[in-house]
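Engineer: Provided below for reference: sequence and predicted model.
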Amino acid sequence: MALSASDLQTVYSLLVSSLSADESVRKPAESTLAQCESRHGFCSCLLEVISAKDLASQVDVRLMASVYFKNSITRYWRHRRDSTGIVNDEKSHLRKNSLQLAVLTSKIARIDYPKEWPELFPTLAQQLESADTLGSQRLFMVLFQILKELSSKRLSSDQRNFREIASHLFEYSWNLWKTDVQKILQDLSGLSQCLPSNSLVLQQDNLLLICERWLLCSKIIRQLIISGYPSDATSLEDVCTVKEVCPLILNAIQSFLPFYSSFQEGNDRLWEFVKQVCTKLMKILIRIQERHPYSFGDGHVLPLVLDLCLNKITSPEREIMSYERFLIQCMVMVKSILECKEYKAVLTGRVINETATKWEERKKSISSSVADILAKILPNERITLLCNVLIRRYVILTANDLEAWHQSPESFHHEQDMIQWTEKVRPCAEALYIVLFENYRQLLSPVIVSLLREAMDSCPAVEIEITPRMLLKDAAYTAAGHVYYELSGYFSLSDWFNGTLSVELSNSHPNMRIIHRKIALVLGQWVSEIKGDTRKMVSCALIRLLQDSDVAVRVCLPVSYLEFSGIMSLVMLSYWDCNISEEGFNELLPTCWGACFKLMEDVQEFDSKVQVLNLISVSMEHAGEKITPFAKHLAEFFQKIWEESTGESLLQIQLLAALRNFVYSLGYQSPICYDMLLPILQKGIDINNPDELNLLEDSVLLWEATLSHAPSLIPQLLDFFPYLLGIMERNFDHLQVAIIIIEDYIISAGSEFLNRHSSSLAKLLEGIVGTVNDKGLLSTLPIIDLLVQCFPMEAPPMIYGTLQVTWACPRLLILNTSYLAHLASEPSLGFVLQQAGLSIDQNVLLCLVDLWLDRIDSVTAVQRKTYALALAIILTLRLPEVMDKLDEILSVCTSVILGGSEEASEEDSSDTTSSSGPLSEGFEYNGIPSKELRKRQGVGPDQAAVVGEHSEGESPSVRALHGQEAFNAAINRIHPSALAQLQRALKMA
């Protein structure tokens with residue numbers, strides 16, 4: 001029943017109730033609203049709530065209505081088989097009245113434009129002509145959201161439509177942009193010279209509206225240039241708008257920058273606008289350069305942009321130094337240009353195709369011209385200056401950094417070293433420095449070596465005062481650590497460590513934390529260069545750093561997984577190559593782990609705890625069975641962390657991974673940790689556990705590791721098996737691991753396992769075989785084979801139910817004929833078939849043929865096609881008796897081939913892991929299976945053709961196998977009309 005205007009109050013009351021904190025009120029309201037989503041008129045009621053002027057103050061209710069409106073459009077705007085969707089009359093009403101709602105309009109436009117809503121852009125253009133400043137600002141918001149939504153469509157036809165939109169909208173938007181920017185700059189100039197007054201406040205409000213519209217216009221222009229033209233990196237066609245737009249955007253940035261200091265004090269709103277606009281415009285230039293690098297590389301664009309960015313980085317005005325967001329974007333722009341592959345020299349080989357040759361020559365010509373521009377704008381002196389400025393000004397620690405470090409060492413570490421590099425000046429400067437060095441390594445390598453020696457000479461290893469010299473050394477160590485791969489040819493790390501680093505590490509003064517932290521970085525990065533006897537000393541030094549009094553130093557040791565592996569590799573190599581006694585090596589492990597245990601107690605951040613767990617995990621992996629003497633201490637640590645991490649599922653996931661490595665390392669000694677391990681494992685594999693969604697995957701992997709490394713299965717592990725049944729009944733996401741777990745139980749526990757869990761195992765296998773696709777079925781065959789071999793008398797009753805002879809056996813025959821033949825040769829299976837009421841006087845396969853022929857008319861269309869293909873395959877086996885059934889088999893194949901076109905319209909009720917077997921009869925699939933889905937399942941409508949091709953292709957084989965005389969006799973027994981149908985079917989196939 002449709003909703004009408006009289007239901008508006010009811011919908012409003014439901015929306016209010018859905019926001020209630022009282023669950024008894026909220027849940028019924030949400031349920032009722034969910035039922036209303038598919039009813040006609042629901043979206044119209046929501047639109048009235050959203051646009052009602054008397055509800056302007058009730059933002060939460062209108063937002064909730066917007067959410068339901070957006071979801072309803074996504075779900076019901078298109079007509080679906082399972083839903084009538086939104087009727088056309090209501091769609092017209094919504095399109096007409098939702099133009100002021102940006103996101104909702106964009107969702108409708110994504111579906112309806114241009115076929116159902118061709119008047120969208122003409123209507124917007126008409127409204128823009130008569131709109132005032134506020135109205136045009138809102139319309140530009142709508143326009144931007146529509147363009148953003150349409151630009152994300154990836155079909156070639158949709159991209160052509162967007163290019164057509166861009167060709168019509170660009171000129172109007174660009175002219176408005178140029179007009180507005182002149183007015184904004186003029187008004188800003190006037191406001192910067194006037195004293196505050198009421199009239200100026202009003203003028204400022206009007207100006208800010210224009211500013212908002214202009215920013216939206218800038219975003220629209222960016223969208224039109226980025227998505228309205230194919231990338232010139234692939235088309236090699238100049239995008240003229242890039243050459244027209246970029247210089248004016250650059251001029252606008254230069255015009256706005258002086259106002260940064262003018263409005264810094266006394267006018268926060270305009271100051272925020274100036275900060276925002278300079279950053280946004282630079283981001284637009286960055287995106288254009290990434291999308292259209294060749295057009296951006298024009299001599300009137302690239303040199304101007306790069307020169308401005310370099311000047312702001314190397315020689316900024318005093319007030320710009322505090323404008324970090326803009327400096328970051330300048331660094332990002334320079335980095336993007338330096339690492340742009342289109343600007344690199346093109347190394348073309350031999351190309352035979354003439355068109356390809358011309359294409360490569362053109363790319364080479366463009367790249368060469370851009371390279372010449374870069375060479376002019378970046379001479380060696382400027383490159384060296386940029387490198388020095390990045391290290392000495394931006395990488396170096398400031399007074400604010402030292403204060404933040406003092407207040408919270410752990411937070412300081414994560415803020416500096418683990419955030420996105422584009423969010424802070426120092427990480428961004430380091431990223432630019434690395435790219436700069438990679439491009440000019442021959443020039444800069446001596447510069448970095450000279451800087452490093454200067455820093456070490458000016459700040460001796462024994463100096464403990466925090467001075468500019470110490471901070472410069474810190475920055476120099478950072479620079480050397482990032483480019484170890486090149487500097488290793490200039491000096492020896494062993495000499496550096498023995499001469500300077502080891503002395504600095506031995507100095508335990510609190511101020512040395514600055515240098516210690518960077519030494520940890522250097523050693524982690526240079527780990528491949530640490531050789532010989534130095535390994536032992538470095539290993540001991542790293543472990544001592546784990547015991548440092550400063551948390552930031554201790555946490556920075558395991559900065560990345562590579563460094564975990566590198567650090568512990570040093571410890572292991574020290575043991576293997578340096579002839580350390582086993583007792584000496586064993587002393588390193590508890591010291592390292594003890595420091596990790598202590599660090600785990602001291603840190604608070606999630607990332608810090610994960611780093612410590614990973615360090616312990618990797619150390620166990622490298623140590624292997626040598627961890628056995630320390631297993632008790634490790635088990636106590638893991639138990640404590642598990643209890644303390646209750647409710648922190650992300651941390652518990654990392655802990656489960658560490659426990660898996662713990663079990664791997666212990667091997668067959670793993671039972672010594674069962675007191676700690678099994679309760680954790682039981683909680684993780686329990687599907688009724690509140691954290692099951694997060695912990696189940698890693699818990700199942702831990703379960704498999706525990707079973708595979710158990711010398712024998714204790715009763716508690718045997719009791720866990722029913723949990724696997726519950727996991728598999730929900731879904732088959734863990735099928736491959738579950739199969740390994742079942743194998744472990746069968747091999748390790750044998751008869752005891754079968755006696756206790758035979759019914760559960762039978763039900764589990766029955767569910768797998770009857771529901772999974774062909775790939776899953778094949779992966780299950782080793783389990784069945786293993787059961788038959790280990791338990792020749794007990795297994796067949798279970799196998800009979802598992803194989804579901806009416807469905808799984810034909811699939812097995814198609815997928816693996818030899819395996820089914822092997823299974824059919826088992827005497828125990830014949831006994832089970834006899835108990836099921838089948839005669840076993842003949843070959844088991846012939847019994848199956850009789851069974852399939854008898855039930856062919858009572859199964860689904862998909863199963864009928866599978867039976868037909870299986871019967872066609874049986875004709876090619878060495879079974880002379882099968883010729884007596886040739887007429888019936890060919891009759892089945894004929895009916896499947898001729899009925900294929902009709903059956904193709906039947907709804908397939910399977911998904912990627914399900915079949916339409918008996919176990920899935922209650923499963924409903926509302927969508928139409930795709931061709932790829934049917935292809936993967938092998939049971940699509942084209943299978944009728946496959947049956948026909950197989951039948952026709954195997955006819956000579958059948959004739960040769962069974963003899964011409966027997967074949968002709970069998971053919972003569974077929975009724976003439978049936979034979980004519982067979983011939984017609986084979987022609988169709």
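Structural biologist: Thanks, I have it. Residues are numbered from 1 along each chain as shown.

Engineer: which stretches in the stretch 51-200 of the chain count as helices?
Structural biologist: 59-76, 88-97, 102-112, 120-130, 133-151, 156-192, 198-227 (DSSP state H, counting those that start in this stretch).

Engineer: may I have the phi/psi pair for Asn507?
Structural biologist: phi -90, psi 110 (degrees, to the nearest 10).

Engineer: residues in contact with it?
Structural biologist: Contacts of Asn507 were listed using Cβ atoms under 8 Å, 6 or more residues apart in numbering, and they are 461-462, 464. Glycine gets a C-beta too; all of them are placed from N, C-alpha and C.

Engineer: and if we set it to 10 Å?
Structural biologist: By Cβ atoms under 10 Å, 6 or more residues apart in numbering, the contact list for Asn507 reads 461-464, 515-516.

Engineer: over to Ile146?
Structural biologist: So Ile146 contacts 99, 102-103, 105-110, 113, 120-121, 124, 165, 220, 223 (Cβ under 10 Å, 6+ apart).

Engineer: swap the cut-off to 8 Å and go again
Structural biologist: Here Ile146 is in contact with 102, 105-106, 109, 113, 120 (criterion: Cβ under 8 Å, 6+ apart).

Engineer: between the helices of the stretch 51-200 of the chain, which gets nearest to Trp642?
Structural biologist: Trp642 sits nearest to helix 59-76 of all those, at 38.2 Å, using Cβ to Cβ.

Engineer: quick revisit: adding distance to Ser539, write the contacts of Ile146 out as TSV.
Structural biologist: Converted to TSV, the contacts of Ile146 look like this (distance: Cβ to Cβ, whole Å):
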residue	distance to Ser539
Ala102	60
Thr105	63
Ser106	59
Ala109	63
Tyr113	65
Leu120	68
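
Engineer: Val16: which of those residues is nearest?
Structural biologist: Ala102 (24.5 Å).

Engineer: report how many residues lie close to the closest one.
Structural biologist: As a burial measure, Ala102 scores 20 neighbours (other Cβ atoms under 10 Å).

Engineer: residue contacts, it?
Structural biologist: 138, 141-142, 144-146 are the contacts of Ala102 under Cβ under 8 Å, 6+ apart.

Engineer: make it 10 Å
Structural biologist: 138-146, 148-149.

Engineer: need those residues in CSV (columns: distance to Tyr440 and pLDDT).
Structural biologist: Shown next, in CSV, are the contacts of Ala102 (distance: Cβ to Cβ, whole Å; pLDDT from 0 to 100):
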residue, distance to Tyr440, pLDDT
Arg138, 50, 87
Leu139, 49, 88
Phe140, 44, 90
Met141, 45, 90
Val142, 48, 89
Leu143, 44, 91
Phe144, 40, 92
Gln145, 43, 90
Ile146, 45, 91
Lys148, 39, 91
Glu149, 43, 90
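
Engineer: from these, pick the one nearest Asp533.
Structural biologist: Among these, Lys148 lies closest to Asp533 (Cβ to Cβ), at 61.2 Å.

Engineer: just give me the neighbour total for the closest one.
Structural biologist: 17.

Engineer: thinking again about what came up before, can you pick out the most distant pair from the contacts of Ile146?
Structural biologist: Using Cβ to Cβ, these span at most 14.7 Å, a distance reached by Ala102 and Tyr113.

Engineer: so which of the helices of the stretch 51-200 of the chain gets nearest Arg287?
Structural biologist: Nearest of the helices of the stretch 51-200 of the chain (Cβ to Cβ): helix 198-227, 5.9 Å.

Engineer: show me which positions of that closest one end up buried.
Structural biologist: Within helix 198-227, the residues that qualify as buried are 204, 207-208, 210-227, counting by 16 or more other Cβ atoms under 10 Å.

Engineer: picking that back up, okay if I get the helices of the stretch 51-200 of the chain as a markdown table plus distance to Val425?
Structural biologist: Formatted as a markdown table, those follow (distance: least, Cβ to Cβ, whole Å):
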| stretch | distance to Val425 |
| --- | --- |
| helix 59-76 | 36 |
| helix 88-97 | 47 |
| helix 102-112 | 34 |
| helix 120-130 | 40 |
| helix 133-151 | 30 |
| helix 156-192 | 26 |
| helix 198-227 | 24 |
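
Engineer: quick one: closest of these to Ser670.
Structural biologist: helix 59-76 (49.3 Å).

Engineer: the closest one versus helix 88-97: what angle between them?
Structural biologist: 130 degrees (axes from the mean of the first three to the mean of the last three Cα atoms, to 10 degrees).

Engineer: buried stuff in helix 59-76?
Structural biologist: Using 16+ other Cβ under 10 Å as the test for burial, helix 59-76 gives 61-62, 64-66, 68-70, 72-73, 76.

Engineer: which of the contacts of Ile146 lies closest to Val892?
Structural biologist: Nearest member of the contacts of Ile146 to Val892, counting by Cβ to Cβ, is Tyr113, at 51.2 Å.

Engineer: what is the least confident helix or strand in this protein?
Structural biologist: Lowest by mean pLDDT, DSSP states H and E among the helices and strands of the chain is helix 931-937, with a mean of 32.

Engineer: tell me the pLDDT at Glu119?
Structural biologist: On pLDDT, Glu119 comes in at 88.

Engineer: any idea how far it lies from Glu149?
Structural biologist: Using Cβ to Cβ, to the nearest Å, we find Glu119 at a distance of 17 Å from Glu149.

Engineer: and the two? Which one has more around it.
Structural biologist: Neighbour totals were compared for Glu119 and Glu149, and Glu149 leads with 19 against 12 (other Cβ under 10 Å).

Engineer: need the contact list for that one.
Structural biologist: For Glu149, the contacting residues are 102-103, 105-111, 113, by Cβ under 10 Å, 6+ apart.

Engineer: now do 7 Å
Structural biologist: Each residue near Glu149 by Cβ atoms under 7 Å, 6 or more residues apart in numbering is listed here: 106-107, 109-110.

Engineer: Ile746 now?
Structural biologist: Contacts of Ile746 by Cβ under 7 Å, 6+ apart are 753, 786-787, 790.

Engineer: ok, 10 Å please
Structural biologist: Contacts of Ile746 (Cβ under 10 Å, 6+ apart): 753-754, 761, 783, 786-787, 789-791, 795.

Engineer: okay, it: pLDDT?
Structural biologist: At Ile746, pLDDT is 89.

Engineer: okay, and it sits in which element?
Structural biologist: Using DSSP states H and E, the element containing Ile746 is helix 735-771.

Engineer: chain center to that helix: distance?
Structural biologist: Distance, stretch centre to chain centre, for helix 735-771: 33 Å (Cα atoms, centre = their mean, to the nearest Å).

Engineer: packing partners for the helix or strand just after that helix?
Structural biologist: Next helix or strand after helix 735-771 toward the C-terminus (DSSP H and E): helix 774-790. Applying 3 or more Cβ pairs under 10 Å, 6 or more residues apart in numbering; DSSP states H and E, one finds that helix 774-790 contacts helix 735-771, helix 795-803, helix 808-815, helix 817-824, helix 931-937.

Engineer: can you do 8 Å?
Structural biologist: helix 735-771, helix 795-803, helix 808-815, helix 817-824 (3 or more Cβ pairs under 8 Å, 6 or more residues apart in numbering; DSSP states H and E).

Engineer: show me what the mean pLDDT comes to for the third one.
Structural biologist: In this model, helix 808-815 has a mean pLDDT of 52.

Engineer: again, but for stretch 604-614
Structural biologist: 85.

Engineer: buried stuff in it?
Structural biologist: Buried residues in stretch 604-614 (16+ other Cβ under 10 Å): 605, 608-614.

Engineer: cool, stretch 713-733 as well?
Structural biologist: Within stretch 713-733, judged by 16+ other Cβ under 10 Å, the buried ones are 713, 717-718, 720-721, 723-725, 727-728, 732.

Engineer: no more questions from me, cheers.
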